[in-house]
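J.: need a structure here:
(chains A, B, C and D)
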Protein chains: 2
Amino acid sequence: MMELTRKGEYAIRGIIYLAQQPPGRVSLISEIAAAAEVPQTFLAKIFQSFAKLGLVTSSRGTGGGFVLARPASTITLREVVEAVEGPILPNRCLLGSACDRGGPCRVHAVWKQVQTEVVSILDAVTIDTLARSPDCKS
Amino acid sequence: MMELTRKGEYAIRGIIYLAQQPPGRVSLISEIAAAAEVPQTFLAKIFQSFAKLGLVTSSRGTGGGFVLARPASTITLREVVEAVEGPILPNRCLLGSACDRGGPCRVHAVWKQVQTEVVSILDAVTIDTLARSPDCKS
DNA sequence: ATAAAAGGGATCAAATTGGTCCTAAAGGTG
DNA sequence: CACCTTTAGGACCAATTTGATCCCTTTTAT
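T.: Model (predicted):
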């Protein structure tokens, strides 16, 4: 339950790669895809979402590619995940103000708490932190 | 992201209904389904899972049906959700001890933290609590 | 025996996931 | 301008998961 999809996984790998490049360095989607070992066309879609949300800046044509739009230390894991997976939402009932049945509404507060906790954990992690952390060996 | 499925929602509604019955009272799946407003055949599958895991006791034939196998105060929301949705697992990489790539591994600790937090929240809520809480009006 | 119930397998449609492909648009370069 | 490079965006598609339904079997009380 609550599993991150490939899309989310790819998104994280891709943006971490960008964050590891020298500041201002433009990366091609083909380069990022190869480095992150992600299907290129799929990653292209993911980076389109990033660009729309202003996480990265894209430029076309020769010399074009992607750069982080903001310092990696100001981009949180939550932003990246939500960019491609949508909002952290443990239950649909968190959308409307009221639940339409008596039943699930009892659990409303619990889901709200889960949502708040997860958001807070993911917001506390920046892409910069992830990019600088060492590879896992164990 | 991280959404509970219908199955999980139905599971919660169904077992809350059981918990609201007088202790020892046997409920038919048809009765539970009607009360919880859940498709009966679907709910039957859900309660099969409950029975296998020992959350409820089932008996067949005339007078048969379902009863909670343990006091509602000892059944946690986590157990119910995991019974039908599988373990709380924000990322596949939490299964193996090591991640097979360098990339996602950096995030490993974060997902572990999410898992721990969510499990702890859901474990703190019992079906008894949910069954006794008032309907939501707002 | 028979009726009443859950158990369990097979099946199925719809939605979501995980992609691919193609054309268009934008930006450099000779 | 013509041409190449690179992202943008839409259409499309296969595999998987979700959300069920159906049917037959097994168990149990009467």
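J.: any chance you could map the helices in chain A?
T.: Ranges of helices within chain A are A:6-20, A:29-36, A:40-52, A:77-85, A:108-123, A:127-132, based on DSSP state H.
J.: reformat these as TSV; add mean neighbour count and distance to DNA strand D.
T.: Just so you know, the C-beta spots here come from the backbone N, C-alpha and C atoms, and that holds for glycine as well. Listed next are the helices of chain A as TSV, based on neighbours: other C-beta atoms under 10 Å in any protein chain shown; distance: least, C-beta to the nearest atom of the strand, whole Å:
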stretch	mean neighbour count	distance to DNA strand D
helix A:6-20	23	11
helix A:29-36	19	4
helix A:40-52	17	4
helix A:77-85	22	13
helix A:108-123	18	15
helix A:127-132	19	18
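J.: of all those, which one is nearest B:Thr5?
T.: For the helices of chain A, the distance to B:Thr5 is smallest for helix A:108-123, at 13.3 Å, taking C-beta to C-beta.
J.: could you see whether chain B lies near that closest one?
T.: Yes. Shown here: helix A:108-123 in contact with chain B (C-beta under 8 Å from any C-beta of the partner chain) through A:108, A:110-111, A:113-114, A:117-118, A:121-122.
J.: for B:Asp123, see how far away A:Gly86 is.
T.: As for A:Gly86, its distance to B:Asp123 is 26 Å (criterion: C-beta to C-beta, to the nearest Å).
J.: then A:Met2?
T.: Counting by C-beta to C-beta - A:Met2 and B:Asp123 are separated by 15 Å.
J.: what's stretch A:59-74 in contact with?
T.: Stretch A:59-74 is contacted from outside by A:15, A:18-19, A:24-29, A:31-32, A:47, A:50-51, A:54-58, A:75, A:126-129, A:131, using C-beta atoms under 8 Å, 6 or more residues apart in numbering or on different chains.
J.: near DNA strand C, which residues of chain A show up?
T.: Taking C-beta under 7 Å from any atom of the strand as the measure of proximity, chain A contacts DNA strand C at A:5-7, A:10, A:39-42, A:45, A:59-64.
J.: among those, which two are most distant?
T.: Within the residues of chain A next to DNA strand C, two members stand farthest from each other by C-beta to C-beta: A:Thr5 and A:Thr62, at 33.8 Å.
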